[in-house]
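Enquirer: Based on what follows, work out the 3D shape:
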Amino acid sequence: MDDSAVKQFNKMTKTPINKLISRLAIPTVISMLITMLYNIADTFFVSKISVSASAATGVLLSLMGLIQAFGFMFGQGAGSNISRRLGAKEIEEARKYSSTAYFYGLSVGLIIMTFGLIFLEPVMLLMGSTKTILPLAKTYGKYILIAAPAMTTSFVMNNILRFEGMAKLAMIGITTGGILNIVLDPLLIFTFNMGIAGAGIATALSQYIGMFILLSVFLMKKPQSRISLRYFSIEPKIINDIITVGLPSFARQGLNSVSTMFFNIQAAAFGDECIAAISIVAKIGMFIFSVALGIGQGFQPVCSFNYGAKLYNRVKEAIRFLWIYATAVITVMSGICFILAPRVIELFRKDAGVVEIGSTALRFMCVALITLPTVMVGNMTFQSVGKSTRAFFLACAQNGLFFIPLILILPNIFGIIGIQLSWPISYVIAAIIAVPMILNFIKELNNKTDSPD
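Expert: Numbering: from 1, shown residues only. Sure, this is the predicted structure:
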């Protein structure tokens, strides 16, 4: 290994766990929050246009989530493999994973863009758009689809950098794009009178600029990974490793999009106000969980790198720290949101119906979010060490396995309250299942011996 590789190896295997995760978590939390701001900024400014416009951005949240799901699948699938191979000092092998994941992510983004633009109206209806929302959803959705290649590749590169322990570099592109989006939104929507089209253009421009910034990091050869056709591989093993390990991320993000779609479809029966309220609550809930997810993403490179280096005691210590720390942070954030629920909803819409429906749903969500870091701990641990079957199951449990049946059944029995309770109940069930799985894995680690190197 060269000097930079040795320095990175020592950092990941010798820095105290709490300090290492905290250092890596801060930029990843910022990255996750900025990612959420892409859509929340649009929702905030578009909500000033009309209730239907606000609902349209909520419908497109599921499409953005689906696009991001592919980026996460290739990025985290490659990242976990890269980190474990760097831990085992196999640098050339690691570079095959980064290049292969990037070009597959780019290809999928281009396919989604092309297919979505050709079948724009059917796609918007499938996402849960009503007839009143459809024209606005099509206008906004067109630009989201144009940005699809930038979204997929940005998430691939961001995750690879994170898994190398270069969270600050990973943050730069995402943060720059997010800030630019917030600046462009009011300028294009109101100053240039472009309405919801301005929000879509702002998002697309921001995504592409962020993508080019991240790509420049790799072209300057700052990480050990490379993005080059020289390292691109069609070897079945490499492709299988990326997809198998990344599939839980796809399930987590993809099922979240599918769940949001079912949410919108069921809420449509109660009118645009209900869709707008539920969309706002979903974004607030995702914003809170993004903090825990960012902390978890600070944990992942620590877990996978040390697992690859056969330092199992550090892996156990990392799991315990993540579980306690993430739960504490989410409890505080959820508690604040619970108390200020009506005021939080009013930041987006002041309509009495939206505030009433949204406040109740948000309080239910806040109570359940306290349990969600438990599922995240299991999901990210198993994904980081390559135990993809367990990770995939927990990803499904977290975002769809229990929620989809609940959202289809409960509203028919309890009306709007059924919609408000579906996500919280599914979160609690998933956490109950995750606890014994995590404890059993810790027992497995107790039976392993640390490498003497």
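Enquirer: which element follows the helix-or-strand element of the chain with minimal mean pLDDT toward the C-terminus?
Expert: Lowest on mean pLDDT, DSSP states H and E among the helices and strands of the chain sits helix 17-46, with a mean of 79. Sequence-wise, the next helix or strand downstream of helix 17-46 (DSSP states H and E) is helix 51-87.
Enquirer: any idea how far that following helix is from the chain center?
Expert: Relative to its chain's centre, helix 51-87 lies at 5 Å (C-alpha atoms, centre = their mean, to the nearest Å).
Enquirer: Which secondary structure elements does the following helix or strand past that helix sit against?
Expert: Sequence order places helix 91-118 as the next helix or strand after helix 51-87, per DSSP H and E. Under the contact definition 3 or more C-beta pairs under 8 Å, 6 or more residues apart in numbering; DSSP states H and E, helix 91-118 sits against helix 51-87, helix 134-146, helix 148-163, helix 236-268. (Glycine included, C-beta is placed from N, CA and C.)
Enquirer: looking at the ones you listed, which is buried most?
Expert: helix 148-163 (a mean of 30; mean count of other C-beta atoms under 10 Å).
Enquirer: orientation of that helix relative to helix 236-268 in degrees?
Expert: 120 degrees (axes from the mean of the first three to the mean of the last three C-alpha atoms, to 10 degrees).
Enquirer: Show me what the mean pLDDT comes to for helix 148-163.
Expert: Regarding helix 148-163, the rounded mean pLDDT is 93.
Enquirer: Output the contacting helices and strands for it.
Expert: On a contact count with 3+ C-beta pairs under 8 Å, 6+ apart, helix 148-163 meets helix 17-46, helix 51-87, helix 91-118, helix 167-186, helix 196-219, helix 272-308.
Enquirer: Kindly export stretch 353-370 (C-alpha atoms) in PDB.
Expert: Presented in PDB, the C-alpha positions along stretch 353-370 are these (Å, rounded to 0.1, in the frame of the first residue of the first chain):
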ATOM      1  CA  GLY A 353     -57.800  20.800   7.300                       C
ATOM      2  CA  VAL A 354     -54.100  20.200   6.400                       C
ATOM      3  CA  VAL A 355     -52.900  21.200   9.900                       C
ATOM      4  CA  GLU A 356     -55.500  19.100  11.700                       C
ATOM      5  CA  ILE A 357     -54.800  15.900   9.700                       C
ATOM      6  CA  GLY A 358     -51.100  16.500   9.600                       C
ATOM      7  CA  SER A 359     -50.600  17.300  13.300                       C
ATOM      8  CA  THR A 360     -52.200  14.000  14.500                       C
ATOM      9  CA  ALA A 361     -50.300  12.000  11.900                       C
ATOM     10  CA  LEU A 362     -47.000  13.700  12.900                       C
ATOM     11  CA  ARG A 363     -47.500  12.900  16.600                       C
ATOM     12  CA  PHE A 364     -48.200   9.200  15.800                       C
ATOM     13  CA  MET A 365     -45.100   9.200  13.600                       C
ATOM     14  CA  CYS A 366     -42.900  10.800  16.300                       C
ATOM     15  CA  VAL A 367     -43.700   8.200  18.900                       C
ATOM     16  CA  ALA A 368     -42.900   5.400  16.400                       C
ATOM     17  CA  LEU A 369     -39.700   6.900  15.100                       C
ATOM     18  CA  ILE A 370     -38.000   6.300  18.500                       C
END
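Enquirer: May I have stretch 44-51 as PDB, with CA atoms only?
Expert: Written as PDB, here are the backbone C-alpha positions of stretch 44-51 (Å, rounded to 0.1, in the frame of the first residue of the first chain):
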ATOM      1  CA  PHE A  44     -41.900  24.700   1.100                       C
ATOM      2  CA  PHE A  45     -41.700  27.100  -1.900                       C
ATOM      3  CA  VAL A  46     -44.300  25.300  -4.000                       C
ATOM      4  CA  SER A  47     -46.700  25.200  -1.100                       C
ATOM      5  CA  LYS A  48     -47.000  28.900  -1.500                       C
ATOM      6  CA  ILE A  49     -48.600  28.300  -5.000                       C
ATOM      7  CA  SER A  50     -51.500  26.100  -4.000                       C
ATOM      8  CA  VAL A  51     -52.500  22.900  -2.100                       C
END
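Enquirer: from now on call the first residue 238
Expert: I'll keep to 238 as the first residue from here, and by that count the last item is stretch 281-288.
Enquirer: in that stretch, what's buried?
Expert: For stretch 281-288, burial by neighbour count (16 or more other C-beta atoms under 10 Å) applies to F281, F282, V283, S284, I286, S287, V288.
Enquirer: start to end distance for stretch 464-474?
Expert: End-to-end distance for stretch 464-474, by C-alpha to C-alpha, to the nearest Å: 19 Å.
Enquirer: any idea of the mean pLDDT for it?
Expert: Stretch 464-474 shows an average pLDDT of 94 in the prediction.
Enquirer: how close does E583 sit to L577?
Expert: As defined by C-beta to C-beta, to the nearest Å, E583 lies at a distance of 10 Å from L577.
Enquirer: If you could redo that for A374, that was the one I meant.
Expert: Counting by C-beta to C-beta, the gap from A374 to L577 is 30 Å.
Enquirer: give me the low-pLDDT residue ranges for the chain?
Expert: 238-239, 272-279, 689-690 (pLDDT under 70).
Enquirer: re earlier: so which of the helices and strands packed on helix 385-400 comes closest to L638?
Expert: helix 288-324 (15.9 Å; C-beta to C-beta).
Enquirer: and N430, helix, strand or coil?
Expert: Using DSSP: H, G, I helix; E, B strand; the rest coil, the three-state assignment for N430 comes out as coil.
Enquirer: Identify the residue nearest G533 in space, chain neighbours excluded?
Expert: Ranked by C-beta to C-beta, 6 or more residues apart in numbering and with sequence neighbours excluded, the top spatial neighbour of G533 is M617, at 4.6 Å.
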